[in-house]
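Undergrad: Generate coordinates for the sequence data below:
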Amino acid sequence: MYAETMLDIAMNHSDSLINQAKNGDNRAKNKLVNLWYKRIYNFAYKYFSDHDEAMDVTQKTFIAFHEKIWQLKEVAGFKAWLYKIASNHCHEVTRQQDRSHQHFSTQKAEDVHREATAIFFNPDRKYQRSELNGILQEALNTLNEEQRTVVIMKEYEGLKFKEIAEVLELPENTVKSRLYYGLTHLKKVLVARNITTEILQS
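TA: Numbers count the residues shown, from 1 in each chain. Sure, this is the predicted structure:
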């Protein structure tokens, strides 16, 4: 699961930089780019599993950031605003590529979230991370863009349901539903590969 680091703390306490950037301070803008660049790149990379596409989306995101930061209404909404820009660029690329994704059935939402999280996002797992990460990335790529976006934002980027709802302009219940359906599919992929919670915790 997502763990807060010193960099995360800096990002979450950069109100003065955001205010300065809103007022046209290029130095403040550059500092914000340095703080957020890796997070936005990681989000785009998980979305596409492709370095070039992730770089393209990241660059477009920060070009828009430089051009539109003055339009940000509230400093507290900066993170959601930035992820919304990145998410929109990801969806634009997906639409251009006309990717097709398949839907899978679900079981009880609470069970899906608990079990899939234990399998995929347990920091103490002994299973070989490189192999598991490869399987997980393949599974993420088969999710439809709505589910994939929510799973990455929640499980990798550590956004709260409220923040994701703000980014995607959706009710929180819709966000939770997409997460549960997405995790259901990810769990099915692991089960199909004979990877279970017991194996990971052994």
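Undergrad: how does the protein divide up, domain by domain?
TA: Following automatic domain parsing, the chain resolves into domains at 6-97, 109-201.
Undergrad: Lowest average pLDDT across these?
TA: Ranked by mean pLDDT, the domains of the chain bottom out at domain 109-201, with a mean of 76.
Undergrad: So which bits of the longest helix seen in the chain are buried?
TA: Ordering each helix of the chain by length in residues (DSSP state H) puts helix 26-48 first. Neighbour counts using 16 or more other C-beta atoms under 10 Å place 28-29, 31-33, 35-36, 39-41, 43-48 of helix 26-48 among the buried residues. In short, each C-beta sits where N, CA and C put it, glycine included.
Undergrad: Output that helix in PDB with nothing but the alpha carbons.
TA: The C-alpha trace of helix 26-48 is given here as PDB (Å, rounded to 0.1, in the frame of the first residue of the first chain):
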ATOM      1  CA  ASN A  26       8.200  30.700 -12.300                       C
ATOM      2  CA  ARG A  27      10.600  29.600  -9.600                       C
ATOM      3  CA  ALA A  28       7.700  28.300  -7.500                       C
ATOM      4  CA  LYS A  29       6.300  26.600 -10.600                       C
ATOM      5  CA  ASN A  30       9.500  24.800 -11.200                       C
ATOM      6  CA  LYS A  31       9.700  23.700  -7.600                       C
ATOM      7  CA  LEU A  32       6.200  22.200  -7.800                       C
ATOM      8  CA  VAL A  33       7.200  20.400 -11.000                       C
ATOM      9  CA  ASN A  34      10.200  18.900  -9.200                       C
ATOM     10  CA  LEU A  35       7.900  17.800  -6.400                       C
ATOM     11  CA  TRP A  36       5.200  16.200  -8.500                       C
ATOM     12  CA  TYR A  37       6.900  15.100 -11.700                       C
ATOM     13  CA  LYS A  38       7.700  11.500 -10.500                       C
ATOM     14  CA  ARG A  39       4.200  11.000  -9.100                       C
ATOM     15  CA  ILE A  40       2.500  12.000 -12.300                       C
ATOM     16  CA  TYR A  41       4.900   9.900 -14.400                       C
ATOM     17  CA  ASN A  42       4.300   6.900 -12.200                       C
ATOM     18  CA  PHE A  43       0.600   7.300 -12.500                       C
ATOM     19  CA  ALA A  44       0.900   7.500 -16.300                       C
ATOM     20  CA  TYR A  45       3.300   4.600 -16.500                       C
ATOM     21  CA  LYS A  46       1.000   2.400 -14.500                       C
ATOM     22  CA  TYR A  47      -1.800   3.400 -16.700                       C
ATOM     23  CA  PHE A  48       0.000   2.600 -20.000                       C
END
